[in-house]
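S.K.: Sequence and predicted structure, then a few things I'm wondering about:
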Amino acid sequence: MQARTIREGISWMGAIDWDRRLFDSLIPLPDGTSYNAYLVRGTERNALLDTVDPTMTDVLLSQLDEVPRVDYVVAHHAEQDHAGAIPQVLSRYQEARVVTTPRGKPMLMDLLPIADERFITVDDGETLSLGDRTLEFIHTPWVHWPETMSTYLREDHILFSCDFFGSHLATTDLYVTEEWRVYEAAKRYYAEIMMPFRPIIRKNLDKVAERRLDLIAPSHGPVYGRPEFILDAYRDWVSDAPKNEVVVPYVSMHGSTAQMVNHLVRGLAERDTKVHQFDLTVTDVGKLAISLVDAATIIIGTPTVHVGPHPLAVYAIHLANALRPKARFASVIGSYGWSSRVAEQTVERLPNLKVEFLEPVLCQGLPGEEDFAALDRLADAVAQSHAADGLVSQAAALPDCQT
Ligand code: FEO
């Protein structure tokens, strides 16, 4: 892919990684990703904003063949998918300096061979002139490491946000053309790496949104030509208000827990509560993370393995605890053979969540009438708790169309 012009003197550079399917050996990438860098030319100096993953260094260097001079390499974030090619860019441009936050400099030096004298550190709000263009640096910590920042190009009203607002999406579209598609990819990205820092993300969002934004250019996925789309989506995701939704990650060994899950999900649906049901033996954990963004309640379905939750359920519980979603209620259901401590162990494994635990439903062996009645009571408790918190179903929120 060649460099592409965004505006006179401003180019997209970088690489599209169509085939990458896993990030950090953890996060599924069903649609690949891109590593976006941007070249901003001024009348006096040129700046390269971010680089690419080390595996794609050659692509960026070839795009830079036509660029005789780079004065600054702005490192918004030290993670290697953006910073990985900085050493090679610095070797080519001997005068270039790396511009980063005071926290970013030692992190970059830990991760990459960059000499101390090649750095310039910038404080929050500091500017750097390229001649007729001005880079304003906005510290946006914890999107998603502590050192992260964004750059606002003042004269052009463009925000270069790095991971913030990014989407893991391999596409030849320079700009967002299918908002529904980018919405899910961006929500997946937010859920997986930014949701744990929701209050700080909210502050960063307010901070960048107070500027006029004509374009938002992240370092993954296409450029937002209509920034309000992604700003509104983030406002929703970082708000404290969950939706009338329940996430039910579950695993079943011999079908008993599955019967309980199916009964509960049917009951919740009958009570106008939206449910996201995930069989953990086949689930894309990114989809599970997406559903945790909005859910008011999390109910783990697990059989008992050596007194505790099944290891796949432990993984889901660990994920929920690590991502710190805004859920307000939680519970656990499942079948056991002879004894169980899954309820206590589930509570113990969710210390980061500020949730009220609803009465769990555990049954020995196959569920019977009593157990199904207990599941109905749990569905009632969920529906009543949501209603008490003012969470309404989508159907209830629709205008009355009857005449
Ligand atoms: Fe896209 Fe945190 O790196």
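M.R.: Great, that's in hand.
S.K.: Distance of the nearest residue to Asp156 once chain neighbours are set aside relative to the ligand?
M.R.: Excluding the flanking residues, the one nearest Asp156 by C-beta to C-beta, 6 or more residues apart in numbering is Arg7, at 6.0 Å. The C-beta positions use only the backbone N, C-alpha and C, and glycine is treated the same way. Relative to the ligand, Arg7 is positioned 24 Å away (C-beta to the nearest ligand atom, to the nearest Å).
S.K.: Count the residues that sit near Arg7.
M.R.: Arg7 has 13 neighbours, counted by other C-beta atoms under 10 Å.
S.K.: Would you mind listing what in the stretch 201-350 of the chain touches the ligand?
M.R.: Residues of the stretch 201-350 of the chain that fall close to the ligand, judged by C-beta under 6 Å from any ligand atom: His220.
S.K.: Closest residue of the stretch 201-350 of the chain to the ligand?
M.R.: Ranking the residues of the stretch 201-350 of the chain by distance to the ligand (C-beta to the nearest ligand atom) places His220 first, at 5.6 Å.
S.K.: which stretch of helix or strand covers that residue?
M.R.: Take DSSP states H and E as the rule and His220 turns out to sit in neither a helix nor a strand.
S.K.: which residues touch the closest residue to it other than its chain neighbours?
M.R.: Counting by C-beta to C-beta, 6+ apart, Gly166 is the residue found nearest to His220 once chain neighbours are left out, at 3.6 Å. With contacts defined as C-beta atoms under 8 Å, 6 or more residues apart in numbering, the neighbours of Gly166 are Ala186, Tyr189, Pro218, Ser219, His220, Gly221.
S.K.: And for Arg328?
M.R.: Pro242, Ala296, Thr297, Lys354, Val355, Glu356, Ser385, Asp389.
S.K.: let's go with 6 Å and repeat that
M.R.: Arg328 sits next to Ala296, Val355 when contact means C-beta atoms under 6 Å, 6 or more residues apart in numbering.
S.K.: Pro242 too?
M.R.: With C-beta under 6 Å, 6+ apart as the criterion, the residues that contact Pro242 are Asp294, Ala296, Lys326.
S.K.: again, only using 8 Å
M.R.: With contacts defined as C-beta under 8 Å, 6+ apart, the neighbours of Pro242 are Asp294, Ala295, Ala296, Lys326, Ala327, Arg328, Leu391.
S.K.: can you give me the strands for the stretch 301-403 of the chain?
M.R.: 304-305, 308-309, 329-336, 356-357, 361-364 (DSSP state E, counting those that start in this stretch).
S.K.: Pick the most buried one from those.
M.R.: Stretch with highest mean neighbour count among the strands of the stretch 301-403 of the chain: strand 329-336 (a mean of 25; mean count of other C-beta atoms under 10 Å).
S.K.: which helices and strands does it pack with?
M.R.: Taking 3 or more C-beta pairs under 8 Å, 6 or more residues apart in numbering; DSSP states H and E as the contact definition, the neighbouring helices and strands of strand 329-336 are helix 256-270, strand 295-301, strand 304-305, helix 342-348, strand 356-357, strand 361-364, helix 369-388.
S.K.: Output these as CSV; include the columns distance to Ala96 and mean pLDDT.
M.R.: Formatted as CSV, the entries for these read as follows, by distance: least, C-beta to C-beta, whole Å; pLDDT from 0 to 100:
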stretch, distance to Ala96, mean pLDDT
helix 256-270, 57, 98
strand 295-301, 46, 98
strand 304-305, 56, 98
helix 342-348, 51, 97
strand 356-357, 55, 98
strand 361-364, 62, 98
helix 369-388, 55, 98
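S.K.: what's the closest of the contacts of Pro242 to Thr346?
M.R.: Within the contacts of Pro242, distances to Thr346 taken as C-beta to C-beta reach their minimum at Ala327, with 13.3 Å.
S.K.: pretty sure the residue of the stretch 201-350 of the chain closest to the ligand is touching Asp31, no?
M.R.: No: counting by C-beta atoms under 8 Å, His220 sits too far from Asp31 to count as a contact (10.8 Å).
S.K.: So which residues make contact with stretch 304-324?
M.R.: Contacting residues not belonging to stretch 304-324 are listed as 191-192, 195-196, 198, 249-251, 253, 278, 280-281, 285, 288-289, 292, 298, 300-303, 327, 332, 334-337, 339-342, 345-346, 349-353, 362 [C-beta under 8 Å, 6+ apart].
S.K.: Please identify the residue of the stretch 1-150 of the chain positioned nearest to the ligand.
M.R.: Counting by C-beta to the nearest ligand atom, the stretch 1-150 of the chain gets nearest the ligand through Glu79, at 3.8 Å.
S.K.: remind me which residues of the protein are low pLDDT?
M.R.: The model of the chain has pLDDT under 70 over residues 394-403.
S.K.: Mark out where each domain of it begins and ends.
M.R.: 4-238, 245-387 (automatic domain parsing).
S.K.: ok, back up a step: if we compare the strands of the stretch 301-403 of the chain, which one ends up closest to Glu228?
M.R.: Evaluated with C-beta to C-beta, the strands of the stretch 301-403 of the chain place strand 329-336 nearest to Glu228, the distance being 32.3 Å.
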